[in-house]
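A.B. asks: this one's structure only:
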C-alpha cells in the first residue's frame, strides 16, 4: 500500500513551463520593448541608456536578472544610476514573471538559463567591443550561477551575485523538505500563505516595499510548485558553485541582515567557493541590496568591479567574515 501511494504521488508533478514550440523560426534579439528569446518567447525588457552615447559607442553593459516574484523593476533605481555613469543596462523579466509569458507559473530551469545565454549573446552582437557584466539578484543570481557553472557559460566578462539564492534543499530542516515535496506533488497550484506571526523584511527601504506592493508586475501570490522550483534551483546553485569559471571575474555581495537567505545557507556554499570569487559583506545590508537605503554604495561597488575587477570596492566592504573560517575546516 505504501509503495502504491508513493507511485501515485510521483505521478503528480509540479507544473513547469518549458520552451515554446514556435510555428515559424524565432528571431532572438533585443527589441525596443521586449527581448525575444531562443524559442521566440517575448520577455519583458527595461533599458536604461547612457545619455548621448550611441549603441555602437557603448563600452560597458550590464545584463540584470531579478529575483523571485519580481521583474526588471527591481533595477528601477540602479539602472538609471549606472546609465548616468556610462553603462547601458538591459533588465529583462524572467520567464514566468512580470511582463513575460504565464506569470506565476514556474519555468523549467534549463529555459531560464537559456534565456540568460540568449540575452547576453544578443547584447554581445549589439555591442561587440563592450565589457558585459551579468548582475543577478537572489533567484536571478541562482540562475546565473548555474548557467555560468555549466558547460556553456554566457559570453559575459563579469559576474556579480547579489544576495544569491543559496537556500536549497540541504539548507532546509527535514520536516520542511518533506512537507514542500508532498505539497508540490499533491496540489501544485496551492497558493502559499506565510504562517501567522512570520515576518521577513527584504529591505529597509519602505518606499520601495510600498512601490512593489502597488506594482501590478510584482507577483503577490506564489504557487507551492514555484517554491519547489526555486528551492531546487537554489540547491543546484549550491552544488555547482565550485564550478564557477576562473576566467570570469566574479563578485558575491551579501548583507549581514539578510532575512531571506540566512547566513547558514551562504556558509554552506562558501565552503566550496573558488578562490577567484571576491566577496563583499555589507554590515547594514538586507536581502535586496540594490534597493536598500545604502544601495548607492552597492551600485558604486558594482560599477567599480565592472571597470576593474582587481581594484578594491569603493565602499571598503570587507570579505565575508566567515569565508576564511569556513574554508579552513
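C.D. replies: Yep, it's here. Model, not experiment: these values are computed from the prediction. Residues are numbered from 1 along each chain as shown.

A.B. asks: Quick check: the gap between the most centrally placed residue in the chain and residue 112.
C.D. replies: The centre of the chain sits closest to residue 140, judged by Cα atoms, centre = their mean, with a distance of 0.9 Å. Applying Cβ to Cβ, to the nearest Å, the value for residue 140 to residue 112 is 9 Å. C-beta coordinates here come from the backbone N, C-alpha and C atoms, glycine included.

A.B. asks: anything in contact with each of the two?
C.D. replies: Taking Cβ atoms under 8 Å, 6 or more residues apart in numbering as the criterion, residue 140 and residue 112 both touch residue 94.

A.B. asks: Just list the residues touching the residue nearest to the centre of the chain, thanks.
C.D. replies: Going by Cβ under 8 Å, 6+ apart, residue 140 touches 64-67, 94.

A.B. asks: Give the burial count for the nearest residue to residue 113 once chain neighbours are set aside, as a bare number.
C.D. replies: Spatial nearest neighbour of residue 113, chain neighbours left out: residue 147 (4.2 Å); criterion: Cβ to Cβ, 6 or more residues apart in numbering. Using other Cβ atoms under 10 Å, residue 147 has 27 other residues around it.

A.B. asks: now whatever helix or strand residue 147 lives in, how far from the chain's geometric center?
C.D. replies: Assigned by DSSP states H and E, residue 147 falls within helix 139-148. Distance of helix 139-148 from the chain centroid (Cα atoms, centre = their mean, to the nearest Å) equals 6 Å.

A.B. asks: ok, now stretch 302-316?
C.D. replies: On Cα atoms, centre = their mean, the centre of stretch 302-316 falls 20 Å from that of its chain.

A.B. asks: where along the stretch 51-200 of the chain do the helices fall?
C.D. replies: 78-83, 109-126, 139-148, 174-186 (DSSP state H, counting those that start in this stretch).

A.B. asks: deepest of those helices, which one?
C.D. replies: Of all those, helix 139-148 carries the top mean neighbour count, a mean of 28, counting by mean count of other Cβ atoms under 10 Å.

A.B. asks: Can you list the low-confidence ranges for the stretch 101-250 of the chain?
C.D. replies: Regions of the stretch 101-250 of the chain meeting the criterion pLDDT under 70 cover residues 194-198.

A.B. asks: Swap in 80 and give it another go.
C.D. replies: Scanning the stretch 101-250 of the chain with the threshold set as pLDDT under 80 gives 168-177, 193-199.

A.B. asks: Which parts of this structure are strands?
C.D. replies: 29-30, 34-36, 42-48, 60-65, 87-92, 131-137, 158-162, 250-255, 277-282 (DSSP state E).

A.B. asks: Make JSON lines from the ones you listed and add mean neighbour count and distance to residue 298 to it.
C.D. replies: Listed next are the strands of the chain as JSON lines, based on neighbours: other Cβ atoms under 10 Å; distance: least, Cβ to Cβ, whole Å:
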{"stretch": "strand 29-30", "mean neighbour count": "17", "distance to residue 298": "25"}
{"stretch": "strand 34-36", "mean neighbour count": "21", "distance to residue 298": "25"}
{"stretch": "strand 42-48", "mean neighbour count": "20", "distance to residue 298": "16"}
{"stretch": "strand 60-65", "mean neighbour count": "26", "distance to residue 298": "13"}
{"stretch": "strand 87-92", "mean neighbour count": "26", "distance to residue 298": "14"}
{"stretch": "strand 131-137", "mean neighbour count": "26", "distance to residue 298": "10"}
{"stretch": "strand 158-162", "mean neighbour count": "27", "distance to residue 298": "7"}
{"stretch": "strand 250-255", "mean neighbour count": "25", "distance to residue 298": "6"}
{"stretch": "strand 277-282", "mean neighbour count": "21", "distance to residue 298": "7"}
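
A.B. asks: Please name whichever of those strands is nearest to residue 291.
C.D. replies: strand 131-137 (9.2 Å; Cβ to Cβ).

A.B. asks: now for that closest one, which elements pack on it?
C.D. replies: Applying 3 or more Cβ pairs under 8 Å, 6 or more residues apart in numbering; DSSP states H and E, one finds that strand 131-137 contacts strand 60-65, helix 109-126, helix 139-148, strand 158-162, helix 295-307.

A.B. asks: can I get these in JSON lines with distance to residue 214?
C.D. replies: Formatted as JSON lines, the entries for those read as follows, by distance: least, Cβ to Cβ, whole Å:
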{"stretch": "strand 60-65", "distance to residue 214": "22"}
{"stretch": "helix 109-126", "distance to residue 214": "27"}
{"stretch": "helix 139-148", "distance to residue 214": "22"}
{"stretch": "strand 158-162", "distance to residue 214": "24"}
{"stretch": "helix 295-307", "distance to residue 214": "20"}
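
A.B. asks: Of those, which is nearest residue 33?
C.D. replies: Nearest to residue 33, of all those, is helix 109-126, at 14.4 Å by Cβ to Cβ.
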